[in-house]
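**Q** What follows is a predicted structure for the sequence shown.
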Amino acid sequence: MTFPLRICSIILLLACTCRAGEPKQAEGKSVWTDKDVAKVVEYRFKGPDEDPLSLVSQSGVDLKKLRKYTKKSATLSAAQVSTLLGATFNTKHRTVTSACYDPHHLFVFYAKDGRVLRAIEVCFECAAIVATPALTDEQHNH
């Protein structure tokens, strides 16, 4: 399967398991789809076999590890970003997750100047996600 087709499959998988919804700030504006986002890139990564690797922490994305462990990447279309956000931040449909958290996909939201604004890391084995900025309890427990 080609990488862009794989990205579409991943986004469709997320969309099929969740209904659309977006995170909202108190003012009602989305913090994930603002005009400062120039592009969203999906990275497929694989760390050392012995330990699960997470590239997202409270301080942001570990860009050094991202460069080191990236296997493939692709820029998402606006429609793919919308589907990703709808599936990720659905608060009407809850999923049960296991405790494996061995992610291999990272969606990075970049500013026009190349800065990382936000990121969503996904483990499809246990359906868990980690994001920066951190998710609210309501967003996280989907």
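**A** Looks like it arrived, so ask away. Numbers count the residues shown, from 1 in each chain.

**Q** quick one: residue 36 and residue 78, what's the gap?
**A** According to C-beta to C-beta, to the nearest Å, residue 36 and residue 78 sit 15 Å apart. For glycine as for every other residue, the C-beta is placed from the backbone atoms N, C-alpha and C.

**Q** Which one's more surrounded, these two?
**A** With neighbours defined as other C-beta atoms under 10 Å, residue 36 and residue 78 compare such that residue 36 has more, 13 against 10.

**Q** Could you give the number of residues near the closest residue to that one other than its chain neighbours?
**A** Distance criterion C-beta to C-beta, 6 or more residues apart in numbering; nearest residue to residue 36, sequence neighbours excluded, is residue 111 at 5.4 Å. Using other C-beta under 10 Å, residue 111 has 14 neighbouring residues.

**Q** and what of residue 134?
**A** Neighbours around residue 134, by other C-beta under 10 Å: 12.

**Q** and it, what does it touch?
**A** Residue 134 sits next to residue 58 when contact means C-beta atoms under 8 Å, 6 or more residues apart in numbering.

**Q** After the helix or strand that contains residue 107, which helix or strand is next?
**A** For residue 107, the element it lies in under DSSP states H and E is strand 105-111. Under the assignment DSSP H and E, the closest C-terminal helix or strand after strand 105-111 is strand 116-123.

**Q** just the helices in the protein please.
**A** 3-17, 63-69, 78-88, 137-140 (DSSP state H).

**Q** any idea of the mean pLDDT in the third one?
**A** For helix 78-88, mean pLDDT is 88.

**Q** buried residues in it?
**A** With burial defined by 16 or more other C-beta atoms under 10 Å, the residues of helix 78-88 counted as buried are 80-88.

**Q** For the residues you listed, please prepare TSV with the additional fields distance to residue 122.
**A** Shown next, in TSV, are those (distance: C-beta to C-beta, whole Å):
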residue	distance to residue 122
80	14
81	14
82	16
83	13
84	9
85	13
86	14
87	10
88	8
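
**Q** Residue 56: which of the residues you listed is nearest?
**A** Set against residue 56, the nearest of the buried residues of helix 78-88 by C-beta to C-beta is residue 88 (13.2 Å).

**Q** Alright, calling it a day.
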